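In: sequence and computational prediction follow.
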Amino acid sequence: MVAKFLTSGLLILLFSCQGSLTPEQSVFEDLSSQEGLVGKSEYFSSPFVSAGDRVYLIGHQNGTFPDLGWHVEGEMGGIWLHPIKLMDGFTASLSMGEDTYCLDQAETFTNYPFSNVLKFKFPEAGIEVERIQFVADGKEGITVLFRLQNVDKSAKNIRFQFNAFVDLMPVWLGERTGMVDQPDVISFDELTNTFTAKDEGNPWFAVWGTDENIPLSLQKDLTCSYSPKGQGSASGFSLEVTVPAESEQIIPIYIAGSTENELKAMETLVDLRQNLSADWFAKKKRYESLAQQSQIQVPDPELQKAFEWIKYNTDWLVRDVPGIGRGFGAGLQDYPWWFGVDSEYTIQGLIATGRKDLVYSTLELIHSLSEKENGNGRIVHEVSTNGAVFNPGNINETPQWASTIWEVYRWTGDRELLEKYFPTIEKGLKWLLTENDKDGNLLPDGYGMMEIHGLKSEMIDVAVYSQKAFADASKMAEILGKTELSKSYQQKADSLAFKINSDFWVDEFGSYADFIGTAQEAIHLIDGAIIRADTLKKPWAVAELQATKAKLSTLPKNQKQGFVLYHNWVVNTPMETGIADSEKAKIALATAKKYTNPFGTFVTGIDRDESAENEDGSFSGSKSFSYTGAVMTLPTGVSAIGENRYGNPNGALDYLKRMTRSFGFALPGSIYEVSPDYGMFTQAWNMYSFAVPIVMQFFGIQPDAGNKVIHIRPQMPTSWEEASIQKVLIGDNEIRVTYVDKSGVRAIEVEQTQSKWGISIELPEEFSKVKVLGKEVSSDTQGGFRRILMSGKKVRVEASR
């Protein structure tokens, strides 16, 4: 970084309004009444985010801004206004006499749903400083507040210095759309009292300053050692404040940017200065609404808290980029952009937690990007925020798109949604089989969720998600009057279900196969797996693989069959979707438990060793970013969903508790991508792993919004005698479900805003004594469950055995 400005200090006395709070004071005052989560000191050298839908800031919990990330090496932290970066970060310091104190070693870090506070203490100087970051909704800027607190008995004359380290640069893959980074030049405008930085080769701007009424001069020396990489520039200012004994002063810093022109950035800066209080309380109200949607009350307070914060985590990931679209990214810091499959999983949880707005905008975004890139129904895998497609789509993403649309329809009853997206589903399912199923056996070849080099045969997850896609597409086709197409799709779904339970099942291992391929293909993969297992010092896996290889040497090289090599988590997908035969499911779920540790399910089972159940500390990742040895929330969530599918909510709760052990492990309020503290520090698909087991399975909410019927079939863990969920949005209806199971009596009560909707409360047939309170429409039994269809604002069923 090159310092562009030389300045001297200026004596300034800052006064707060007497008799009323300034906007800055109102923020601190309001925050004191909110619940914050305090970080662990051992993780202060790890990331946090302060996020809005246009801008976010990533730094370390100690107050520094080190070079972070690997997609654009060392550049994934700082302040981003996608598709450009604004700043690598900033430094601030206090000087009193000859002593200077850098604000880069926070004493505490506290995370709040939509802001964060770092506290710095200097007892020898009698000064404490709090730094708040806040990003308003829909605005291309960020507000940082420094509160200087004099905890001494005498007044303090303090020189406050702020240094901005600008680095206007493009997002990953920027070069594919003509975005070429150039050096940045900084200027200062005394008339507007602001700094402006411009990329010399692009209309990219960053502007910043403090209160418009405080005249600034420029700082000669940039205190606090900080030298980020890149072609950016730095500038600083200082001001002097007098803080009376046992009082405080707040210094605001406003930072804004634009990818268009300086005027737009300046307008945002003025907006931030004038509307801090309004922006703060508007976002607070919105976050209170997020918390209330599908809000649960359960006997497990940690799980309840984690579920609440996962809603906030997902909101931190929303990226709204003009000219491209609005949708949530996969994870921070290295995956802030958009993914097909991450969206497909996450949307199933989002729609169950009231985020129809975000669901619809993300569907539109992924669809438009896919049509532009592929045009044949194939769904993209990964797209940067400048619209550049990195991967046009793995095989699983296209069938999962069909099931995602069906799931959203079940919750909304929106026929127009089906009409809009079904043509792409048709094209996609055609592409799936005509372009990827060379031998015509309905099992597409190619990468699914496991992108292991060479593992591009007939994958279990691709087969399972294809089966579900054809079954779901059959239902959609029937609704849209495409009867013959519906029959064709269902026939394919039935054939795939049979193949999955016959061709993929490997009785020797009590598991579904990782893939179907030839013995020759399997031997090649085994060699790679042996090297991996041996490198990771997993002797049991080496021995198992060597035994498998010896058996394969006796088979014809071109004979196709199912192989269990890696014990990848995707072998659990037949239980996730419910397509597994019940006996096979029971065996496979028991097998799956062998490949876990206290935090959840291993991505690749051969990475496990006998000490796995005792691993309760940090995850030791490789020096270069890798998922080797990883336990992740998505595989664990799939395991939980599978347990629930086959009637074991206690097993599902065990997996949820394992995931919850990662909650706040490194970043308070968040669950890392790799448990407990590796990879992305917040991850979108955690919403799938928690919302589906809790909302759809424990509370048993299965909507049929198209027919205005809601099926309620609770399946609670035995330790949960009482539980409730409120403000569950289904179509234009909203429901609350209360569950009590005490003294041999189970009571289920449902309240709804649309009294004419049908509520089908469903209980196991073993409950022989049933008392119905409300308007009963009909009742029957199906699949071992008694179903009581009712209507009215409030319905209730009490049952005993």
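Out: Nice, thanks for sending it over.
In: how about the helices in the stretch 551-700 of the chain?
Out: Along the stretch 551-700 of the chain, counting by DSSP state H, counting those that start in this stretch, helices occupy 573-577, 582-592, 633-645, 649-660, 686-691.
In: can you tell which of the ones you listed is closest to residue 209?
Out: Nearest to residue 209, of all the helices of the stretch 551-700 of the chain, is helix 686-691, at 37.7 Å by CB to CB. Placement of C-beta: from N, CA and C, glycine included.
In: which strands and helices lie in contact with the next helix or strand after that closest one?
Out: Of the helices and strands lying after helix 686-691 in sequence (DSSP states H and E), the nearest is strand 701-704. Contacts defined by 3 or more CB pairs under 8 Å, 6 or more residues apart in numbering; DSSP states H and E place strand 701-704 against helix 397-412, strand 709-712, strand 722-730.
In: ok, the second one: who's next to it in the sheet?
Out: As defined by DSSP bridges, the strand partners of strand 709-712 come to strand 701-704 (antiparallel), strand 758-764 (parallel).
In: neighbouring contacts of that strand?
Out: The contact list for strand 709-712 (CB atoms under 8 Å, 6 or more residues apart in numbering) reads 699-704, 730, 733, 735, 737, 748, 750, 752, 757-762, 787, 789.
In: can you show me the CA trace of the helix or strand harbouring residue 543 as CSV?
Out: Using DSSP H and E, residue 543 maps to helix 539-552. Provided in CSV are the C-alpha atoms of helix 539-552 (Å, rounded to 0.1, in the frame of the first residue of the first chain):
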residue,chain,number,x,y,z
PRO,A,539,-5.0,-48.6,8.3
TRP,A,540,-8.5,-50.1,8.6
ALA,A,541,-9.5,-48.3,5.3
VAL,A,542,-6.3,-49.5,3.6
ALA,A,543,-6.9,-53.1,4.6
GLU,A,544,-10.6,-52.9,3.5
LEU,A,545,-9.6,-51.4,0.1
GLN,A,546,-6.9,-53.9,-0.5
ALA,A,547,-9.3,-56.7,0.2
THR,A,548,-11.8,-55.2,-2.2
LYS,A,549,-9.1,-54.8,-4.9
ALA,A,550,-8.2,-58.5,-4.5
LYS,A,551,-11.8,-59.6,-5.1
LEU,A,552,-12.1,-57.3,-8.1
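In: tell me what that helix is packed against?
Out: helix 519-535.
In: so which bits of the helix it packs on are buried?
Out: 519, 521-523, 525-526, 528-530, 532-533 (16 or more other CB atoms under 10 Å).
In: which among those gets closest to residue 562?
Out: residue 522 (9.7 Å).
In: I figured the closest one hits residue 552, correct?
Out: Yes: using CB atoms under 8 Å, residue 522 is in contact with residue 552, at 5.7 Å.
In: for residue 21, what are its contacts?
Out: Contacts of residue 21 by CB under 8 Å, 6+ apart are residue 29.
In: before we move on, back to that, the helices of the stretch 551-700 of the chain into a markdown table, with extra columns for distance to residue 361 and mean neighbour count?
Out: Rendered in a markdown table, the data for the helices of the stretch 551-700 of the chain read as follows (distance: least, CB to CB, whole Å; neighbours: other CB atoms under 10 Å):
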| stretch | distance to residue 361 | mean neighbour count |
| --- | --- | --- |
| helix 573-577 | 26 | 25 |
| helix 582-592 | 35 | 17 |
| helix 633-645 | 22 | 27 |
| helix 649-660 | 27 | 22 |
| helix 686-691 | 16 | 27 |
